[in-house]
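**Student:** I'd like to go over a predicted model; first the sequence, then the structure.
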Amino acid sequence: MGFPGTWMTESESMVYRVVPKCACSSIGQIMFYSDHGEFFDGDIHDATGRMHKWSMADSQKLIEQNVKSHKSYAFTCVRNPYARILSSFFDKICGIQRNGKRYRGNLVPQLVQKYGIEVGSPEDNFDFDQIKSFRRFLLFARDTIRWRRPMEPDIHWSAMSGHISTFICNGGSYDHIFFTEKFNEGMQVVLDNCETPVKVDLDKVPRFNESEGHGPKRAHKVSEYFDDLSRHLVWEIYKKDFQLFQYDFDDPDNKMPIGEIDLDEVHAKLGT
């Protein structure tokens, strides 16, 4: 299985397990800058050189050796599950992707047909019932995760704990897991523990939100998207995420964590 979703700086100063929709563009760009003194020109997900990624065959042996010997500082980042699934919906389902097309080709037409989801379009200024469509999308997301139909679950809405566990199960361990909601604070801990070729001043790093501006803006506060049934589905899908990463299930509008992450507990519960 190896270490899917794992990125490493060319200098091997740090190792990062990507969790989609959790500031991965910003983290990747900071890693790139910490080696080269410049940001990657474009979306960091498109970079095919000057950093190591598990998806690049030439990088796999280096990443595997590093992770299994715990040679470098290893970390990842998490986000409130309510905000994350909403972000996935607005970016991947409603938004136009950076190639100018809908995400995954026929996925959106399939959702329109099978689940009655509306997504709007740039031509109508994305005018649709966001709450009704999101709740139907949530049903679809649950179906993919629970029964793997009508398709396999997508990395953007599968549970964070699933992504994070593969790193542990295959022989890695984390030095730090931080919150997207406290990004600078968490990323500073990483930088303080790494010897990087180039010093990074986080206050001067722009935000790299590659999904922004390609779809509709969220029109309501978070809690309005989640009725009793939606919250039941969210708990079914993301129970471990709420428990391990200390997010508030009872108040969807509270995006901040309500406790600290216990790394020992994460390794014990996700390492089996």
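**Tutor:** Cool, got the structure.

**Student:** pLDDT weak spots in this protein?
**Tutor:** Residue ranges of the chain with pLDDT under 70: 210-213.

**Student:** rerun at 90
**Tutor:** Residues of the chain meeting the criterion pLDDT under 90: 1, 96-100, 105-106, 120-127, 207-215, 272.

**Student:** roughly how far is the strand ranked longest in it from the heart of the chain?
**Tutor:** Determined from DSSP state E, the single longest strand within the chain is strand 73-78. Between the centre of strand 73-78 and the centre of its host chain there is 12 Å, according to CA atoms, centre = their mean, to the nearest Å.

**Student:** output that strand in CSV with nothing but the alpha carbons.
**Tutor:** The C-alpha trace of strand 73-78 is given here as CSV (Å, rounded to 0.1, in the frame of the first residue of the first chain):
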residue,chain,number,x,y,z
TYR,A,73,9.3,15.6,11.1
ALA,A,74,5.9,14.2,10.0
PHE,A,75,2.6,16.1,10.2
THR,A,76,-0.9,16.6,8.9
CYS,A,77,-3.7,19.0,9.2
VAL,A,78,-7.5,18.6,10.0
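
**Student:** what does that strand contact?
**Tutor:** 13-19, 22-24, 27, 67, 160, 163-164, 167, 172-180, 183, 186, 190, 193-194, 241, 245, 261 (CB atoms under 8 Å, 6 or more residues apart in numbering). (Glycine included, C-beta is placed from N, CA and C.)

**Student:** select only the buried ones of the residues you listed in PyMOL?
**Tutor:** To isolate the buried subset of the contacts of strand 73-78 in PyMOL, counting by 16 or more other CB atoms under 10 Å, use the following:
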select buried, resi 13+14+15+16+17+18+19+22+23+24+27+67+160+163+164+167+172+174+175+176+177+178+179+180+183+186+190+194+241+245+261
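
**Student:** give me the number of neighbouring residues for residue 252.
**Tutor:** Around residue 252 there are 22 other residues, counting by other CB atoms under 10 Å.

**Student:** what's the spacing between it and residue 60?
**Tutor:** 39 Å (CB to CB, to the nearest Å).

**Student:** then residue 19?
**Tutor:** Distance from residue 19 to residue 60, counting by CB to CB: 20 Å.

**Student:** please apply the same query to residue 160.
**Tutor:** For residue 160 relative to residue 60 (CB to CB), the value is 23 Å.

**Student:** this completes my enquiry, with thanks.
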